[in-house]
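In: okay, predicted coordinates and the sequence, questions at the end:
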Amino acid sequence: MNFYSVKLGEIAIQEKNIVSPESEDASLLPFLGLDQIESQTGKIISYDSKSSEGKSTSFAFTSSHILYGKLRPYLNKVATPERDGRCSTEIIPLLPYGVDRDFLGFLLRTQEIVSLAMSEKTGSRMPRADMDVLLNAYVEIPKNLDDQKCLAAKLKTQLAEVETARQALEIQQQEIVKLANAYIRQSIEHSKVSECPLGDVLDEVKKGIGERWADYPVLGATRDGLAPAKEPPGKQPQRYKPVFSGTVFYNPMRILIGSIAFVDDGDQPGITSPDYVALQGKPRIVDSRWFYYWLRSPYSAQCINSLARGAVRERMLFNRLAEGTILLPPYDEQCRVSKALAQLKSVKSAIQQQLDDLNKIPERLLAQAFSA
């Protein structure tokens with residue numbers, strides 16, 4: 001396969017056809033935002049004809065374009081749409097010229113292009129690709145159009161296989177969540193429960209870690225549970241809360257979407273943001289692991305929704321959560337179920353490791369395909 005060097009701007013032409021929010025096109029063309037493009041696959045999840053973002057200026061695109069997300073280019077938001085629409089101005093419609101569209105779409109997702117897009121923006125928390133720098137860069141591509149199409153078709157097949165495997169693993173993850181919910185439900189429905197105010201059975205961790213803060217990693221709460229925090233401590237790291245074994249903590253602004261974590265046996269203790277709510281079950285009354293899975297279950301969602309006061313994004317601080325009630329099984333029953341729930345951790349970790357390994361494959365496949 002013969003390759004030649006060409007300036008990216010000679011095969012990918014920016015077309016910023018502005019759609020005014022007052023125009024007829026704004027009401028007829030479906031809107032696409034960055035969040036609607038999957039990073040791993042480039043798949044367009046959905047279009048939104050009623051998006052509030054669509055009320056501002058947008059760019060028109062057609063099924064001939066490639067959509068390149070310039071905001072935080074390391075996310076690799078690159079898509080090849082199959083219909084006409086309009087997109088956020090953080091997405092640049094690129095028209096392929098003298099090159100196969102699918103091939104160019106894959107090329108724009110390579111690590112080489114990501115590095116070029118990031119080269120002028122290091123240090124920024126919200127980097128944007130400098131399109132002038134990017135389009136003036138030279139890339140190596142096959143001379144023959146059929147070779148480009150063949151390479152793109154091969155990549156499509158390989159990445160489709162990776163995506164099938166990824167979906168299978170995600171289904172397994174969902175089954176683990178269902179099993180955990182079933183354990184919690186069984187412990188409540190098949191034992192003599194007591195209805196208790198949450199404030200009576202939980203202890204809040206209020207005091208900061210103090211001067212020892214540098215001895216511990218900063219931990220965060222995500223939809224998948226415990227994870228390293230994305231940002232280092234702020235100006236007052238002494239106020240960061242200790243989260244040691246047996247501590248449940250959550251983001252009070254994102255509790256309903258699952259930003260909840262638990263420091264289990266064997267997990268490294270750490271500290272978390274003072275803005276987070278950290279708590280533990282009272283000794284011999286609430287098993288913290290059981291409570292963590294309860295907090296991620298439909299029972300918790302029902303409880304939290306009952307405390308809602310109408311705001312779109314409410315802060316569920318501990319004093320609010322304490323007003324809710326919980327159907328609490330006997331402590332011995334909680335411990336029995338807690339042991340069963342502990343077994344799920346290793347299974348979940350194994351699946352997550354497989355997912356992490358699988359998510360590295362697309363980058364390797366692209367690197368191999370585009371090595372001239």
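Out: Perfect, I can see it now.
In: the lengthiest helix in the chain packs against which elements?
Out: The residue-count maximum for a helix in the chain (DSSP state H) belongs to helix 145-189. Secondary-structure packing of helix 145-189 (3 or more Cβ pairs under 8 Å, 6 or more residues apart in numbering; DSSP states H and E): helix 101-107, strand 138-142, helix 288-295, helix 298-306, helix 331-359, helix 361-369. The way it works is simple: take the backbone N, C-alpha and C, and place the C-beta from them, glycine included.
In: which of the ones you listed sits closest to D267?
Out: Nearest of these to D267, taken as Cβ to Cβ: helix 331-359 at 9.2 Å.
In: the closest one packs against which elements?
Out: So helix 331-359, by 3+ Cβ pairs under 8 Å, 6+ apart, packs with helix 145-189, helix 288-295.
In: redo the ones you listed as JSON lines? Include mean pLDDT, mean neighbour count and distance to F262.
Out: Formatted as JSON lines, those follow (pLDDT from 0 to 100; neighbours: other Cβ atoms under 10 Å; distance: least, Cβ to Cβ, whole Å):
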{"stretch": "helix 145-189", "mean pLDDT": "96", "mean neighbour count": "15", "distance to F262": "12"}
{"stretch": "helix 288-295", "mean pLDDT": "97", "mean neighbour count": "24", "distance to F262": "4"}
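In: of all those, which one is nearest N359?
Out: With Cβ to Cβ, the closest approach to N359 among those belongs to helix 145-189: 7.4 Å.
In: the closest one: what's the following helix or strand?
Out: Under the assignment DSSP states H and E, the closest C-terminal helix or strand after helix 145-189 is strand 194-197.
In: chain center to that following strand, what's the gap?
Out: Strand 194-197 has its C-alpha centroid displaced from the chain centroid by 35 Å (Cα atoms, centre = their mean, to the nearest Å).
In: for the least confident helix or strand in the chain by mean pLDDT, buried residues please.
Out: Lowest on mean pLDDT, DSSP states H and E among the helices and strands of the chain sits helix 24-28, with a mean of 85. Neighbour counts over helix 24-28 (16 or more other Cβ atoms under 10 Å) mark 25-26 as buried.
In: mind listing the helices for the stretch 1-150 of the chain?
Out: With DSSP state H, counting those that start in this stretch as the criterion, the stretch 1-150 of the chain has helices at 8-11, 24-28, 101-107, 111-118, 131-135, 145-189.
In: switch those over to CSV; also include distance to Y250.
Out: Shown next, in CSV, are the helices of the stretch 1-150 of the chain (distance: least, Cβ to Cβ, whole Å):
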stretch, distance to Y250
helix 8-11, 44
helix 24-28, 39
helix 101-107, 39
helix 111-118, 32
helix 131-135, 40
helix 145-189, 16
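In: in the stretch 1-150 of the chain, where is pLDDT below threshold?
Out: 49-55, 120-125 (pLDDT under 70).
In: off-centre distance for the least confident helix or strand of the chain?
Out: Chain-centre distance of helix 24-28: 31 Å, with Cα atoms, centre = their mean.
In: which secondary structure elements does that helix contact?
Out: Secondary elements touching helix 24-28 (3+ Cβ pairs under 8 Å, 6+ apart): none.
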